[in-house]
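In: sequence first, then the predicted structure, then my questions.
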Amino acid sequence: MGHDGAAQDGGGPPAGDEPGYGIGAVARRLGVPVPTLRTWNLRYGIGPSRRSPGGHRRYDEADLRRLEEMNRLIHAGVAPADAAGHALRHRPPPGPVAPAAPATGPVPSPERTPAGESGHPAAGAPGTAGGVPGRTAIGEPGHARGEGARSPATPGRPPSAAALARAALALDVRTVDGRLEAALRDRGVAWTWERLVRPAFAVIVGRQEETGAGVEVEHMFSERLLDALAARAREAPAPAYPRPVLLACAEEEQHSLPVYALAAALGELAVETRVLGPRTPYAALEAAMRRLGPSVVFVWSHRRETGDAVPLAALPRLRPASRVVVGGPGWADVLPPGTARVSTLPEAITAVMGLLR
């Protein structure tokens, strides 16, 4: 590999006999960490296409546009392999690559999200990404691209949320497992969460409200989803970063599915994670931080009763530092300095990726 372009702070091509962009300049310009760019090049073949007179691999403007398209699709919920395939097959329109917005600052507070005991999004909860806070990643079902619309990077008809809900209501575990596994494999975690899981849970909760029964359906579906997410996380590529990400629910918080969804989504991007799960005592979180030295600590709170921000300020100050990101509608409005709040699943992924080092 060539130089990382450390002197190119503005992100533009260097002068002299080194045309194009070094990987460091590309990382700063797109807001994508250098290890991620290297992983995309090695795994998907989307990388620098020219070599400078000095023998260094360089990115040109077309390479940047392809990477920008891949990055956009991943944040929209498309699996990385599919996003890379689309970016390589379709030539993006010419023009400058817009600099990425910072991913480390706080964002507006998330809206309150009704949910059942499993921490899933209930019906009538716009502005939430299935509990990993926020709006839908690629539009509400039936809007914009429409129910059953094809991903730009994946051919074929996607699994149906209505059919998944019918299978769950029938306690058809085999069909539920098959549809979840197929969606996670073909479309990735974010798409599956937004386009299948949220609508299916909305149907299940709606049936409970109508009949006063059906808790067994909710519990079965939650367990099958958790198993599918865990399996997806186990299939993650080798880690591309030296330090892991630690994810946990706030103390006494039982809604844990969003934490596992975020962990699986990060795994798709070659990020090593450790999930402590529901009802994690802050003393246990502190011990895990000291043992692992994570780059990022993500803490989820769904209910106001569990969103006390005071213990966050007492988390250990490590060297190198661990940045804290919180998600969920339970957190108090005022957070300790340096704590980032995210309000969508894409924002959670972007914030964590921007803090990795």
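Out: Here it is on my side, so go on.
In: ok, now how distant is residue 45 from residue 271?
Out: When C-beta to C-beta, to the nearest Å is the yardstick, residue 45 and residue 271 sit 21 Å from each other. No exception for glycine: its C-beta is placed from N, CA and C like everyone else's.
In: could you check which of these two is surrounded by more residues?
Out: residue 271 (26 against 10; other C-beta atoms under 10 Å).
In: next, the more buried one: phi, psi?
Out: Phi and psi for residue 271, reported as degrees, to the nearest 10, are phi -100, psi 130.
In: list the contacts of it.
Out: If you count contacts by C-beta atoms under 8 Å, 6 or more residues apart in numbering, residue 271 has them with 236, 239-241, 244-245, 352-353, 356.
In: try it again at 6 Å.
Out: Residues near residue 271 by C-beta atoms under 6 Å, 6 or more residues apart in numbering: residue 245.
In: for the stretch 51-200 of the chain, which segments count as helices?
Out: Defined through DSSP state H, counting those that start in this stretch, the helices belonging to the stretch 51-200 of the chain, from first to last, are 61-75, 80-89, 161-169, 173-187, 189-192, 198-211.
In: on contacts alone, who are the packing partners of the last one?
Out: Using 3 or more C-beta pairs under 6 Å, 6 or more residues apart in numbering; DSSP states H and E, the elements in contact with helix 198-211 are helix 161-169.
In: which stretches of the stretch 251-357 of the chain aren't confidently modelled?
Out: Confidence mapping of the stretch 251-357 of the chain against pLDDT under 70 gives zero matching residues.
In: could you look up the SS state of the residue lying closest to residue 306 once chain neighbours are set aside?
Out: Counting by C-beta to C-beta, 6 or more residues apart in numbering, the nearest residue to residue 306 once its immediate chain neighbours are dropped is residue 253, at 4.0 Å. For residue 253, the reduced secondary structure class is coil; criterion used: DSSP: H, G, I helix; E, B strand; the rest coil.
In: now for residue 253, how many residues are close by?
Out: A count of neighbours around residue 253, defined by other C-beta under 10 Å, yields 24.
In: for it, give its distance to residue 32.
Out: When C-beta to C-beta is the yardstick, residue 253 and residue 32 sit 31 Å from each other.
In: now the nearest residue to residue 295 once chain neighbours are set aside: how far from residue 63?
Out: Nearest non-adjacent residue to residue 295, counting by C-beta to C-beta, 6+ apart: residue 243, 4.2 Å away. If you measure residue 243 against residue 63 using C-beta to C-beta, the figure is 28 Å.
In: and these two? Which one has more around it.
Out: Per other C-beta under 10 Å, whichever of residue 243 and residue 63 has more neighbours is residue 63, with 20 against 17.
In: so who does that one touch?
Out: 48-49.
In: so which bits of stretch 221-229 are buried?
Out: If you call a residue buried by 16 or more other C-beta atoms under 10 Å, then stretch 221-229 has these buried ones: 221-222, 224-225, 228-229.
In: where does pLDDT dip in the stretch 101-250 of the chain?
Out: In the stretch 101-250 of the chain (pLDDT under 70), the answer is 101-158.
In: now do the strands in it.
Out: In the stretch 101-250 of the chain, strands defined by DSSP state E, counting those that start in this stretch lie at 245-249, listed in chain order.
In: which one of the buried residues of stretch 221-229 sits closest to residue 307?
Out: For residue 307, the closest of the buried residues of stretch 221-229 turns out to be residue 222, at 21.6 Å, with distances computed as C-beta to C-beta.
In: tell me how far the closest one lies from residue 248.
Out: Using C-beta to C-beta, we find residue 222 at a distance of 18 Å from residue 248.
In: just name the most buried of the helices of the stretch 51-200 of the chain.
Out: Each of the helices of the stretch 51-200 of the chain was scored by mean neighbour count; the highest is helix 189-192, a mean of 29, by mean count of other C-beta atoms under 10 Å.
In: how about residues contacting it?
Out: Contacts with helix 189-192, where a contact means C-beta under 6 Å, 6+ apart, come from 77, 137, 183-184, 264-265, 345.
In: what's the spacing between residue 256 and residue 342?
Out: Residue 256 is 17 Å from residue 342, where distance means C-beta to C-beta.
In: my bad, residue 328
Out: Residue 328 sits 9 Å away from residue 342 when distances are taken as C-beta to C-beta.
In: so between these two, which is more surrounded?
Out: Set side by side, residue 328 and residue 342 show more neighbours around residue 328, with 30 against 26, by other C-beta under 10 Å.
In: does that one really touch residue 302, like I thought?
Out: Yes. A contact is recorded between residue 328 and residue 302 when judged using C-beta atoms under 6 Å, the distance being 5.0 Å.
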